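**Student:** I would like to see how this sequence folds:
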Amino acid sequence: MTSPAPDASALDARARRSAVVLVGMSAGEAVRRDELLRAAASHRASIAFLQLADPSLSAELTRLADAGTGTVVLVGVRLTASGPGQSWLRRIAAYWWRERAGHRPELLVATRLADSPDAVATVAAATKAVTGTEPGLTSAAWEEVPGHRHQVMVCRGPRCAAKGVEEGLRALVQGLTEQGLGDDDVLVTQTGCQFPCNQAPVVSVQPDDVWYGNVDPATAALIVTEHLAGGRPVESHRLTRHRRERADHHDG
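**Tutor:** Now for the predicted structure:
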């Protein structure tokens, strides 16, 4: 059942008699934690993350349940162009609800994601209760390691985020689509800091052991056409890789 639409003041009232949690959906919100915290403070809410940051959604739900909270409203927030869809918020919340021993609060999940802090109150207008019958965390499609040829690791650390990695990631995904390269060919993974931060934004390609720096949208497009599709690393943006050889130790 869908709840009636509250305005911002109504959302604040709901937070006082129950609990509201703003849930960062993607790596982008993990980097923009302070922005999420400010949005939560304006609605007397707490925050949690679906991935790559603490507290996790499960940990925050456990904290609220242990405190005896009767109702928890979950509002997914995705401030960047990429990330899991709203259905994953329901999946994770439902998994926690099914596994929880002891007091379980009523869980209400917003039916769509907020794409900005200003949209939180509007998005919280429509919620749907978790019933426990939602899909689980496993699927036959997720059983095996994928057979991809390349794995592209896109750094979403704070410096890379500040220097526009989101635009490069968007160009990368668009280029892969145009080349007809799917997850079975190239698996794109967003990561935390990959360390050569002075070269941000940083992208690495495995198993080729090729690292790129200053990856803007034009460079991302070149990485797709020349390296991932053509098999030739883009030397103009390739970073020098210093490998430390492991010394072999023998007894005697």
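**Student:** only C-alpha atoms for contact and neighbour calcs from this point on.
**Tutor:** Will do.
**Student:** Strands of the stretch 51-200 of the chain, residue ranges please.
**Tutor:** 71-77, 106-110, 127-129, 150-155, 186-191 (DSSP state E, counting those that start in this stretch).
**Student:** Can you tell me who residue 190 pairs with across the strands?
**Tutor:** Here residue 190 shows beta-bridge partners residue 154, assigned using DSSP bridges.
**Student:** per-residue pLDDT, it?
**Tutor:** In this prediction, residue 190 carries a pLDDT score of 91.
**Student:** Also residue 12?
**Tutor:** Each residue has a pLDDT score; the one for residue 12 is 54.
**Student:** returning to what we had before: any idea which of the strands of the stretch 51-200 of the chain gets closest to residue 169?
**Tutor:** strand 150-155 (7.3 Å; C-alpha to C-alpha).
**Student:** Just name whatever secondary elements that closest one is in contact with.
**Tutor:** strand 186-191, strand 203-206 (3 or more C-alpha pairs under 8 Å, 6 or more residues apart in numbering; DSSP states H and E).
**Student:** Just the angle for the longest one relative to strand 150-155, thanks.
**Tutor:** Our comparison of strand 186-191 with strand 150-155, counting by axes from the mean of the first three to the mean of the last three C-alpha atoms, to 10 degrees, yields an angle of 20 degrees.
**Student:** Now strand 186-191: buried residues?
**Tutor:** Within strand 186-191, the residues scored as buried using 16 or more other C-alpha atoms under 10 Å are 186, 187, 188, 190.
**Student:** I'd say the third one and residue 149 touch.
**Tutor:** Just to be clear, that refers to residue 188. No: in this structure, residue 188 is not within contact of residue 149 by C-alpha atoms under 8 Å, at 11.2 Å.
**Student:** Turn the buried residues of strand 186-191 into JSON lines, columns for distance to residue 69.
**Tutor:** Converted to JSON lines, the buried residues of strand 186-191 look like this (distance: C-alpha to C-alpha, whole Å):
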{"residue": "186", "distance to residue 69": "44"}
{"residue": "187", "distance to residue 69": "40"}
{"residue": "188", "distance to residue 69": "39"}
{"residue": "190", "distance to residue 69": "34"}
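**Student:** and those residues, which two are the farthest apart?
**Tutor:** Among these, 186 and 190 lie farthest apart (C-alpha to C-alpha), at 13.0 Å.
**Student:** low-confidence ranges in this structure?
**Tutor:** Low-confidence segments of the chain (pLDDT under 70): 1-17, 247-252.
**Student:** And the helices in it, which stretches?
**Tutor:** 8-17, 27-31, 33-42, 57-66, 86-99, 120-123, 158-162, 165-178, 217-222 (DSSP state H).
**Student:** Point out the most buried one among those.
**Tutor:** Each of the helices of the chain was scored by mean neighbour count; the highest is helix 27-31, a mean of 23, by mean count of other C-alpha atoms under 10 Å.
**Student:** if we can go back for a sec, can you redo the strands of the stretch 51-200 of the chain as JSON lines with distance to residue 37?
**Tutor:** Listed next are the strands of the stretch 51-200 of the chain as JSON lines, based on distance: least, C-alpha to C-alpha, whole Å:
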{"stretch": "strand 71-77", "distance to residue 37": "12"}
{"stretch": "strand 106-110", "distance to residue 37": "19"}
{"stretch": "strand 127-129", "distance to residue 37": "22"}
{"stretch": "strand 150-155", "distance to residue 37": "23"}
{"stretch": "strand 186-191", "distance to residue 37": "22"}
